[in-house]
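Q: Attaching a predicted model along with its sequence, questions to come.
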Amino acid sequence: MSESRQQLIRTILLIVTVAACVAAVINFRQQSRVSVPDDGVFWSKRDGKVLALMVDPGSPAARAGVREGSFLLRINRQPVSQPEDVAAILAGLPSWEAVEYTIIERGVEVNAKVILRERSSHALVYYQYFVGAVYLLIGLFIFFRRGVAQMALHVYILCLASFVLSTFHYTGKLNDFDRVMYWGNIFAGLLAPTIFLHFCLNFPEPYHRLRGFWKSSVLYVPATILGLVYVGFASGAIQSALPLVELNWALDRVWLGFLTGAYLLGGIVLAAKSRTAKDPVVRQQLKWLRNGAIFAILPFAIFYSIPYVMGSFPGESAKMAVLALLLMPLTWAYAIVRYRLMDVDVIFQQGYVYTLATLLVLGGFYLFIFSIGSFENLSPTAVAILILIAAFAFQPIRNWLQEQLDRHVFYRDQYDYRRTLIEFARELSAETDLNRMLGLVADRLIRTLGISHIAFFLVDESDGHVSLRLADNVRDRKGRIIEPGYPLDLSFLQNMDDKSHLFFERTRHLPDSRVMEYRPSVRESIAELDLTYYFPCKARDAPLPSLVSADLIAATS
């Protein structure tokens with residue numbers, strides 16, 4: 001049941017990831033194609049009239065004489081009674097043409113000729129797509145390489161939410177897809193900082209007051225409340241006297257303040273933990289995670305977020321603070337590669353396979369889209385069916401690519417060894433010398449599967465005593481070769497008949513919870529061996545008999 005549940009979760013996340021990638025690519029295309037007329041004024045409502053609350057100094061409206069405090073009566077003789085009417089009217093007008101604004105300036109009704117500009121995407125918006133892609137690559141690497149590692153699922157969801165936050169941008173086209181982009185960005189902006197704070201409190205060990213599902217769920221209450229407030233106002237369940245445009249601006253300021261505050265709080269938690277961490281590797285991990293959080297978010301908070309929350313629109317120079325946001329995923333990547341965060345080892349071959357498989361799936365998806373015209377011609381049901389097909393086609397394509405690259409690129413000679421392991425097992429059945437048999441097995445596994453360390457242990461059936469029989473390239477923490485007779489407490493390998501394997505994610509630096517369950521002498525032995533997997537060797541589901549009436553256990557790293 002546990003494996004089925006994990007498989008279901010991975011399948012759902014894969015479908016969501018494919019859907020998010022498809023939506024992000026379509027949104028990226030729309031950013032360069034969709035242009036919305038803009039006058040450069042933030043309109044509100046005062047005393048029953050539409051008021052220019054803020055005016056961009058270099059905007060078309062400012063050049064036409066519209067000032068802060070001007071009341072707007074009509075646009076091209078169409079009456080304007082609500083701030084939302086301005087956007088609705090401008091949406092139907094062409095850009096770069098003169099539009100007649102009827103305003104009240106100092107109590108006098110005047111006409112102003114406003115040449116509308118195009119509100120095009122800023123270059124920094126495209127930069128955010130790059131930041132999102134970095135987040136997604138890190139998440140996919142962890143998800144596919146170490147999907148069962150401690151907190152790996154947590155980190156992947158964090159990367160996926162950060163990807164959505166960075167790549168879902170509202171264009172103002174006012175269609176259903178644009179609404180998906182808007183709400184996706186809103187909810188990702190609530191979820192990503194909350195998950196990040198949760199991660200900071202749980203890494204490297206969970207905060208004692210947040211152990212358990214219900215205790216840790218308290219962290220998500222503020223984000224849930226703010227999300228419900230958004231939905232309440234959008235659905236009309238919550239009413240407000242503020243104009244819709246001004247209400248939306250107020251909610252956005254609260255949203256940005258929550259996002260910035262949660263990230264900064266996570267950075268403070270990491271800074272506090274880095275000061276008290278005793279393990280040098282853990283201290284380095286925390287230091288880089290802390291630096292990424294603080295040096296990425298702090299400039300953004302000072303120059304952009306705080307002025308916006310206080311009620312002013314940041315200028316062009318303040319928007320440059322967005323450039324610092326790339327530091328966060330870059331420091332994560334450095335911590336993973338340099339300090340083996342979650343013990344993720346870099347294997348580029350799998351990265352190539354997943355990249356090629358993703359490109360093939362997305363290529364087929366867009367080839368079908370282009371063949372029928374455009375994405376807008378598809379119904380929501382057709383889009384959902386296409387996304388499901390793409391998600392379920394990914395694994396067969398990945399498996400086929402893996403086999404082809406293993407055969408012709410990555411392994412070549414070793415591929416034949418992989419295909420002949422069964423024949424090799426038949427040869428071993430005729431071997432009567434145990435030491436020679438184990439030596440042959442160790443040599444073949446190291447050459448075939450790229451295993452760096454391997455050891456064999458014997459369990460005496462009479463008293464259950466476990467002893468080291470053979471070790472290949474296994475060294476202790478001082479670099480000394482471990483051989484039979486090395487003082488080790490191997491009692492953790494007793495009673496392995498009812499287990500398929502033992503797995504230790506971290507053995508020496510920051511031992512994981514499985515290691516910490518044993519007594520100190522066992523933990524010391526596990527650290528000295530530094531082996532990750534322990535397998536009881538069985539023949540037809542029965543323990544493999546040996547010449548010394550003992551069961552055999554193999555361990556690899």
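A: Yep, that arrived. Numbering: from 1, shown residues only.

Q: going forward, measure contacts and count neighbours with C-alpha atoms only.
A: Noted.

Q: quick one, strands of the stretch 401-550 of the chain?
A: 454-460, 466-472, 502-503, 533-536, 538-539, 542-543, 550-556 (DSSP state E, counting those that start in this stretch).

Q: mind listing what the second one pairs with, with the direction of each?
A: Partners of strand 466-472 in the sheet, by DSSP bridges, are strand 454-460 (antiparallel).

Q: Take the partner strand, keep the C-alpha atoms, and write them as CSV.
A: Below are the C-alpha coordinates for strand 454-460, written out as CSV (Å, rounded to 0.1, in the frame of the first residue of the first chain):
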residue,chain,number,x,y,z
ILE,A,454,30.9,-3.8,-2.1
ALA,A,455,31.0,-6.2,0.9
PHE,A,456,29.7,-9.6,1.8
PHE,A,457,28.7,-10.7,5.3
LEU,A,458,27.9,-14.1,6.6
VAL,A,459,25.3,-14.9,9.3
ASP,A,460,26.0,-18.0,11.3
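
Q: Comparing the strands of the stretch 401-550 of the chain by mean pLDDT, which bottoms out?
A: With a mean of 48, strand 542-543 has the lowest mean pLDDT of these.

Q: I'd like the distance between Ser35 and Glu97.
A: 14 Å (C-alpha to C-alpha, to the nearest Å).

Q: More neighbours: the two, which one.
A: Of the pair Ser35 and Glu97, Ser35 is the one with more neighbours under other C-alpha atoms under 10 Å, namely 19 against 13.

Q: My guess is the more buried one contacts Arg117. True?
A: No - if you go by C-alpha atoms under 8 Å, Ser35 and Arg117 don't touch, sitting 9.3 Å apart.

Q: Quick check: buried residues in stretch 185-196?
A: Asn185, Ile186, Phe187, Ala188, Gly189, Leu190, Leu191, Ala192, Pro193, Thr194, Ile195, Phe196 (16 or more other C-alpha atoms under 10 Å).

Q: Ignore what I typed, I meant stretch 472-491.
A: Asp472, Val474, Arg475, Ile482, Glu483, Leu488, Asp489, Leu490, Ser491.

Q: just stretch 93-109 next, same as before
A: Pro94, Ser95, Ala98, Val99, Glu100, Tyr101, Thr102, Ile103, Ile104, Glu105.

Q: tell me the contacts of the second one?
A: Neighbouring residues of Ser95 by C-alpha atoms under 8 Å, 6 or more residues apart in numbering: Val36, Pro37, Asp38, Ile115, Leu116, Arg117, Glu118.

Q: ok, now with 7 Å
A: For Ser95, the contact set (C-alpha atoms under 7 Å, 6 or more residues apart in numbering) comprises Pro37, Leu116, Arg117, Glu118.

Q: wait, which of these is closest to Phe144?
A: Glu118 (42.8 Å; C-alpha to C-alpha).

Q: List of residues touching the helix or strand that contains the closest one?
A: Using DSSP states H and E, Glu118 sits in strand 117-119. Strand 117-119 is contacted from outside by Ser35, Val36, Pro37, Asp38, Asp39, Pro60, Ser95, Trp96, using C-alpha under 7 Å, 6+ apart.

Q: Identify each buried residue in the helix or strand just after that strand, please.
A: Next along the chain after strand 117-119, taking DSSP H and E as the criterion, comes helix 123-145. For helix 123-145, the neighbour count (16+ other C-alpha under 10 Å) marks 125-143, 145 as buried.

Q: Same check on stretch 7-16?
A: Per 16+ other C-alpha under 10 Å, stretch 7-16 contains these buried residues: Arg10, Leu13, Leu14, Ile15, Val16.

Q: doesn't the last one fall inside a helix?
A: Think Val16. Yes - counting by DSSP: H, G, I helix; E, B strand; the rest coil, Val16 is found in a helix.

Q: quick one: it and Ile387, what's the gap?
A: Remark: distance between Val16 and Ile387 (C-alpha to C-alpha) = 9 Å.

Q: Please apply the same query to Val474.
A: 47 Å.

Q: and if you look at Ser162?
A: Ser162 is 21 Å from Ile387, by C-alpha to C-alpha.

Q: When these two are compared, which one has more neighbours?
A: Per other C-alpha under 10 Å, whichever of Ser162 and Ile387 has more neighbours is Ser162, with 27 against 22.

Q: That one sits in which helix or strand?
A: Counting by DSSP H and E, Ser162 is part of helix 152-167.

Q: repeat for Asn291
A: Using DSSP H and E, Asn291 falls in helix 280-300.

Q: what's the average pLDDT for the next helix or strand after that helix?
A: Using DSSP H and E, the helix or strand that follows helix 280-300 in sequence is helix 306-309. Averaged over helix 306-309, pLDDT sits at 87.

Q: and stretch 139-152, what's its mean pLDDT?
A: Stretch 139-152 shows a mean pLDDT of 67 in the predicted model.

Q: can you check stretch 43-63 too?
A: 82.

Q: What separates the first and last residues of it, distance-wise?
A: Note: stretch 43-63 ends 17 Å apart using C-alpha to C-alpha.

Q: And for that stretch, what's in contact with it?
A: 39-42, 67-72, 81-83, 114-117, 243, 245-246.

Q: For ChimeraX, what selects the buried ones among the residues you listed?
A: Buried subset of the contacts of stretch 43-63, written as a ChimeraX selection, criterion 16+ other C-alpha under 10 Å:
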select :39,40,41,42,67,68,69,70,71,72,82,83,114,115,116,117,243,245,246
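
Q: what's the one helix or strand Phe233 maps to packed up against?
A: Using DSSP H and E, Phe233 maps to helix 221-235. With contacts taken as 3 or more C-alpha pairs under 7 Å, 6 or more residues apart in numbering; DSSP states H and E, helix 221-235 sits against helix 176-202.

Q: to the chain's geometric centre, what's the distance from the helix it packs on?
A: Here helix 176-202 is found 11 Å from its chain centre; the criterion is C-alpha atoms, centre = their mean, to the nearest Å.

Q: what about it, average pLDDT?
A: 89.

Q: any idea where the helices of the stretch 301-450 of the chain begin and end?
A: 306-309, 316-319, 327-339, 348-372, 380-405, 413-419, 421-428, 434-449 (DSSP state H, counting those that start in this stretch).

Q: Confidence-wise, which of these is weakest overall?
A: helix 413-419 (a mean of 54).
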